[in-house]
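Visitor: Sequence and predicted model, in that order:
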Amino acid sequence: MLLLISSRLRQHFQALKESVTPSPALRTFLVEAARAFNAGHYFEAHEIIEEGLDEVPSELWDLYIGLIQIAVGYHKASQQLWSGAGRMLQMGLEKITAHPPTAGGVNVEALGARVRADIHLLHNRRLDLEAFTRSPPRLQLRKGGG
C-alpha cells in the first residue's frame, strides 16, 4: 500500500514539474543561456542562468542548479580539467534527471543523454577534445517555453 501511495505521489510531482513553465523573464534568461551554451561559451551560460535564479519556481530549482553544474562541467572539459569536469557533470546529471524529459522549457532527455555519454568518455579517459569541439553538447529548449 505504501509503495502504491509513493508511486502515485512521485507521478503527481513529475506531472507538476512537467506543467510548470518558465515565466517570460526566466525564458529570456534561458534563451540567452542556451545561445551561450550552444556557442561553446559554457562559463557565460552558467553565469546567465545564475542571474535568472530569482525567477526560477521552487519546483524547478534543482533543474536549473543542475544546468549550472553541467555548464561548469563543460567549461572545465574545454579547459582539459577532466576530473573537475566529470564531477560537475555527474552532479548536474543527477539533478536534471530527477525531472521529466521536457521540464522547465528544457529538453532534459537530450541533454541528459549527452552528459551521460560524456561522463562515460571521461571516466574511460577517452574524451577527445577535438571531437568534443566538432560536436559540442547542445542545450535545447522546448518551443513556447512550457
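Guide: Looks like it came in fine.

Visitor: Can you tell me the number of residues neighbouring residue 93?
Guide: Residues near residue 93, counting by other CB atoms under 10 Å, number 22. To be clear about C-beta, it is placed using only N, CA and C from the backbone, and glycine gets the same treatment.

Visitor: go on, the one 4 residues further on?
Guide: Residues within reach of residue 97, counting by other CB under 10 Å, total 18.

Visitor: Check which residues of stretch 72-80 are buried.
Guide: Neighbour-count burial for stretch 72-80, counted by 16 or more other CB atoms under 10 Å, picks out 72-78.

Visitor: now do stretch 25-32
Guide: By 16+ other CB under 10 Å, the buried positions in stretch 25-32 come out as 26-27, 29-30, 32.

Visitor: Contacts for stretch 20-36, please.
Guide: Identification of contacts with stretch 20-36 by CB atoms under 8 Å, 6 or more residues apart in numbering yields 42, 44-46, 48-49, 51-52, 55-57, 59-60, 67, 71, 103-106, 139-141, 145-146.
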